[in-house]
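Trainee: coords below, sequence missing:
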């Protein structure tokens, strides 16, 4: 597990996935697998993605940060 810094609403989707490949499952759960081929993932934030997919930004961020906490506890 890769330890990553805390995820915020302003975190860029592609950077979140690059820092923590395990985050891919959470991103796919909320945004679908289209994110992974979309060039926007390099510049779009989690807040923007959540808005575009009518999802709760806070819920996504909490899950991503929980994933990060699990990695810290494993290390």
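Mentor: Sure, I can see it. Computed from a predicted structure; not experimentally measured. Numbers count the residues shown, from 1 in each chain.

Trainee: what's the spacing between the nearest residue to residue 14 once chain neighbours are set aside and residue 70?
Mentor: The shortest distance from residue 14 to any non-neighbouring residue, by Cβ to Cβ, 6 or more residues apart in numbering, is to residue 41 (4.1 Å). For every residue, glycine as well, the C-beta is placed using N, CA and C. According to Cβ to Cβ, to the nearest Å, residue 41 stands 23 Å off from residue 70.

Trainee: neighbour-wise, which of these two wins?
Mentor: Using other Cβ atoms under 10 Å as the criterion, residue 41 and residue 70 rank with residue 41 on top: 20 against 12.

Trainee: just checking, that one is part of a helix?
Mentor: Yes: if the criterion is DSSP: H, G, I helix; E, B strand; the rest coil, then residue 41 is within a helix.

Trainee: Please report the distance of it from residue 9.
Mentor: Taking Cβ to Cβ, one finds residue 41 at 16 Å from residue 9.

Trainee: now swap in residue 17 and tell me
Mentor: 16 Å.
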